[in-house]
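1. Provide a 3D model corresponding to the input given below.
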Amino acid sequence: MALKITVIGTGYLGATHAAAMAELGFEVLGLDVVPEKIEMLQRGEVPMYEPGLEELLRRHVAGIEGSSGRLRFTTSYEEAGAFGDVHFVCVNTPQKHGEYACDMSYVDSAFDALAPHLTRPTLVVGKSTVPVGSASRLAERLAASAPAGADAELAWNPEFLREGFAVDDTLHPDRIVAGVASERAEELLREVYATPIAGGSPFIVMDYPTAELVKTSANSFLATKISFINAMAEVCEAADGDVVKLAEAIGHDERIGNKFLRAGIGFGGGCLPKDLRAFMARAGELGADQALTFLREIDSINMRRRGHMVELTRDAVGGGFLGKRVAVLGATFKPDSDDVRDSPALNVAGQIHLQGGQVTVYDPKGMANAQRLFPTLGYADSALEAVRGADVVLHLTEWREFRDLDPAALAEVVAERRILDGRNALDPQLWRKAGWTYRALGRPKA
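-> Next comes the predicted model:
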């Protein structure tokens with residue numbers, strides 16, 4: 001008999017995973033404790049912007065004309081326990097307020113709510129990013145609380161989704177990590193992921209702690225690479241070098257590669273910053289804090305880039321922001337997303353606003369979220385309107401729409417033709433040809 005799957009938590013990760021599991025042919029039940037979220041998903045709508053997700057959802061949500069009907073949603077843990085053979089836990093693990101450590105309360109609550117309804121052999125699969133050691137603790141908690149006892153097993157299967165590419169990353173993962181404690185758990189996960197495995201996705205089996213460390217290690221390595229090139233941008237500015245040419249040259253070395261070597265205002269979002277800090281906190285608890293002291297500098301370099309962008313902007317407008325109009329192109333932490341959590345672009349915009357600048361922001365998808373987070377900033381309905389009357393334009397999120405802008409058209413409406421490229425993604429020659437003063441991080445001569 002075909003496996004039935006539940007997905008606990010229907011935020012960004014959970015909604016994507018539920019829709020993808022239905023696409024792979026499984027009967028799926030998504031669960032969330034927020035009724036409004038469930039109602040939205042039942043209509044085939046998603047509470048966030050993710051390319052391709054809403055279309056995938058509508059192909060499978062029961063009750064939508066033409067759908068497969070394989071995907072339903074509920075707020076009942078009792079219904080989920082009775083329905084599922086495999087339960088994926090996809091709830092949030094935010095940073096604790098005022099601390100570096102990870103807040104495990106949502107994960108613990110999900111396990112506590114689900115366990116009493118597990119009356120038959122079943123597999124609970126954690127996908128949330130958690131501190132190493134959590135899976136072993138949760139496995140014991142599950143076996144002690146579930147009526148099925150030891151037959152309620154745990155596996156850890158971390159997610160590696162990139163915002164903007166989450167659907168493809170779920171259906172065609174570059175690797176599937178399975179932290180298991182039994183052959184049965186491995187076999188069930190192999191059955192769940194049979195299609196991507198057949199398509200060539202590596203299936204890597206390991207113990208719980210190693211599986212937990214894979215995600216935090218991967219994020220820490222990416223953060224290190226980003227902060228390294230941003231540190232080189234600081235050196236290039238001091239030495240009058242060009243970080244873009246530097247990155248191109250070192251990227252040809254196969255041991256280094258050219259990905260994540262674009263200098264700019266740094267990383268943000270809901271994953272990298274908080275995962276980096278939680279990893280440091282957990283290493284300290286384990287007595288291995290010295291192994292990760294370098295991550296403090298990685299975090300520091302990243303945050304320093306935001307302040308440096310503010311300084312460059314102040315210099316561009318003559319030393320002070322009072323009475324100056326600043327246009328900010330970009331609000332999300334990255335393109336192809338509406339996520340503004342810990343967004344470097346909004347952080348820079350907010351700092352300039354607090355220092356007296358008149359800031360106007362435009363973003364293709366993140367406007368509503370940005371306005372909720374920073375209601376005192378000005379917002380425009382287009383890039384052209386955002387830059388109207390501006391003394392300086394900041395390019396802070398590398399949307400394709402911004403790369404395709406016509407510098408000549410924008411030049412007609414600004415007060416001063418000054419642009420600071422915080423993502424090193426625009427063509428300097430194109431903008432200079434239209435009469436703009438162009439400056440980018442780490443490229444004093446660009």
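
2. list the contacts for residue 100?
-> Neighbour list for residue 100: 277, 278, 280, 281 [criterion: Cβ atoms under 8 Å, 6 or more residues apart in numbering]. Backbone N, C-alpha and C define where each C-beta goes, glycine included.

3. taking these one by one, which sit in helices?
-> Members of the contacts of residue 100 lying in helices (criterion: DSSP state H): 277, 278, 280, 281.

4. Quick check, the third one in contact with residue 291.
-> No. When contacts are counted by Cβ atoms under 8 Å, residue 280 is not listed as touching residue 291 (9.7 Å).

5. For the lengthiest helix in the chain, name the packing helices and strands.
-> Secondary structure assigned by DSSP H gives helix 208-239 as the longest helix of the chain. Applying 3 or more Cβ pairs under 8 Å, 6 or more residues apart in numbering; DSSP states H and E, we find helix 208-239 packed against helix 134-145, strand 152-156, strand 176-179, helix 243-251, helix 272-285, helix 294-316.

6. still on that earlier bit, reformat the ones in helices among the contacts of residue 100 as a markdown table; add pLDDT, neighbour count and distance to residue 326.
-> Shown next, in a markdown table, are the ones in helices among the contacts of residue 100 (pLDDT from 0 to 100; neighbours: other Cβ atoms under 10 Å; distance: Cβ to Cβ, whole Å):
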| residue | pLDDT | neighbour count | distance to residue 326 |
| --- | --- | --- | --- |
| 277 | 94 | 19 | 30 |
| 278 | 94 | 25 | 34 |
| 280 | 94 | 22 | 34 |
| 281 | 94 | 19 | 36 |
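
7. For the stretch 301-446 of the chain, which segments count as strands?
-> Here the stretch 301-446 of the chain has its strands, by DSSP state E, counting those that start in this stretch, at 325-329, 358-362, 378-379, 392-395, 418-421, 437-440.

8. hmm, back to that, and the furthest pair within the contacts of residue 100?
-> Using Cβ to Cβ, the contacts of residue 100 span at most 7.3 Å, a distance reached by 278 and 280.

9. So for the longest helix of the chain, what gets flagged as buried?
-> Using 16 or more other Cβ atoms under 10 Å as the test for burial, helix 208-239 gives 208, 211-216, 219-220, 222-234, 236-237.

10. How about stretch 237-252?
-> The neighbour-count check on stretch 237-252 (16+ other Cβ under 10 Å) flags 237, 241, 242, 243, 244, 246, 247, 250, 251 as buried.

11. Now do the third one against residue 444, distance only.
-> Read it as residue 242. Using Cβ to Cβ, to the nearest Å, residue 242 is found at 8 Å from residue 444.

12. can you give me the strands for the stretch 51-200 of the chain?
-> Going by DSSP E, counting those that start in this stretch, the stretch 51-200 of the chain shows strands at 71-74, 86-89, 122-126, 152-156, 176-179.

13. Of all those strands, which one is nearest residue 115?
-> Evaluated with Cβ to Cβ, the strands of the stretch 51-200 of the chain place strand 152-156 nearest to residue 115, the distance being 6.9 Å.

14. give me the low-pLDDT residue ranges for the stretch 301-446 of the chain?
-> Where the stretch 301-446 of the chain drops to pLDDT under 70, the residues are 445-446.

15. Now with 90, please.
-> Counting by pLDDT under 90, the stretch 301-446 of the chain contains low-confidence residues at 444-446.

16. can you map out the helices along it?
-> In the stretch 301-446 of the chain, the segments counted as helices under DSSP state H, counting those that start in this stretch are 344-354, 367-373, 383-387, 400-403, 407-411, 428-433.

17. now those in TSV, with mean neighbour count and distance to residue 317?
-> Output for the helices of the stretch 301-446 of the chain, formatted as TSV (neighbours: other Cβ atoms under 10 Å; distance: least, Cβ to Cβ, whole Å):
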stretch	mean neighbour count	distance to residue 317
helix 344-354	23	10
helix 367-373	17	22
helix 383-387	22	14
helix 400-403	16	21
helix 407-411	17	17
helix 428-433	15	18
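
18. coming back round to it: need the strands of the stretch 51-200 of the chain in JSON lines with mean neighbour count and mean pLDDT, can you?
-> JSON lines is the format used below for those (neighbours: other Cβ atoms under 10 Å; pLDDT from 0 to 100):
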{"stretch": "strand 71-74", "mean neighbour count": "22", "mean pLDDT": "97"}
{"stretch": "strand 86-89", "mean neighbour count": "26", "mean pLDDT": "98"}
{"stretch": "strand 122-126", "mean neighbour count": "26", "mean pLDDT": "98"}
{"stretch": "strand 152-156", "mean neighbour count": "26", "mean pLDDT": "98"}
{"stretch": "strand 176-179", "mean neighbour count": "22", "mean pLDDT": "98"}
